[in-house]
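K.L.:
pasting a predicted model and its sequence here:
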Amino acid sequence: MIIGKRAVTAALAAGVAVSGTLVAAPEAGAGAAPPPLGWNCKAGKDSDSDPGGSSGWVRRRWKTSKSNFAEARFAAKGEKFGVYNGTKTSVGGTLYVKYGSKWKKKKTLTLTKNDAYKFRDLSIKDGRKVYMKVWVHKRGSCKSPVFTA
């Protein structure tokens with residue numbers, strides 16, 4: 001079903017579902033605008049009891065959805081790297097490792113729209129710095145903070 005621009009704008013302002021996505025209504029007041037739409041980045045740390053290591057994740061997510069996202073994760077304990085696909089398109093993630101003063105690609109995982117998750121056990125020397133990038137096909141990418149293997 002094709003919806004005109006005015007109908008979408010009115011639906012967004014009213015906080016109704018548009019293409020299966022609920023958008024909150026703006027606060028009352030002169031000049032109130034609907035919330036911005038698009039993709040965003042979020043990252044965080046995980047605790048996995050690896051002494052000296054740090055684990056975490058980075059996510060590329062549609063701003064108005066709790067389930068439409070791609071995520072890359074690194075677990076310091078066991079040096080595991082994984083990518084999750086919660087979108088309807090292809091996604092991917094790359095883990096980078098710092099060797100001396102240079103960052104190098106260690107592993108890239110690509111998932112089709114039919115793949116939900118992939119992970120790999122990697123061998124990374126304890127204490128090495130790592131970071132990840134995750135991307136959604138034609139929808140941009142996100143970079144994680146630096147973690148420690």
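P.N.:
Sure, I can see it.
K.L.:
gap between the residue lying closest to Leu122 once chain neighbours are set aside and Thr94?
P.N.:
Residue nearest to Leu122 in three dimensions, not counting chain neighbours: Glu79, with 4.5 Å by CB to CB, 6 or more residues apart in numbering. The C-beta positions use only the backbone N, C-alpha and C, and glycine is treated the same way. Between Glu79 and Thr94 the distance is 15 Å, computed by CB to CB, to the nearest Å.
K.L.:
compare these two (neighbour count), which wins?
P.N.:
Glu79 (23 against 20; other CB atoms under 10 Å).
K.L.:
isn't that one up against Arg120?
P.N.:
No - if you go by CB atoms under 8 Å, Glu79 and Arg120 don't touch, sitting 9.2 Å apart.
K.L.:
and the next element down the chain from the worst-scoring helix or strand of the chain on mean pLDDT?
P.N.:
Counting by mean pLDDT, DSSP states H and E, the chain has its least confident helix or strand at strand 21-22, which shows a mean of 30. As assigned by DSSP states H and E, the chain's next helix or strand after strand 21-22 is strand 39-46.
K.L.:
list the buried ones in that following strand?
P.N.:
Trp39, Ala43 (16 or more other CB atoms under 10 Å).
K.L.:
residues contacting the helix or strand just after it, please?
P.N.:
Remark: after strand 39-46, the chain's next helix or strand is strand 55-62, criterion DSSP H and E. Around strand 55-62, the neighbours that count as contacts under CB atoms under 8 Å, 6 or more residues apart in numbering are 21, 38-48, 68-77, 91, 132-136, 139-145, 147.
K.L.:
buried ones among the residues you listed?
P.N.:
For the contacts of strand 55-62, buried by 16+ other CB under 10 Å: 39, 43, 68-76, 91, 132-136, 141-144, 147.
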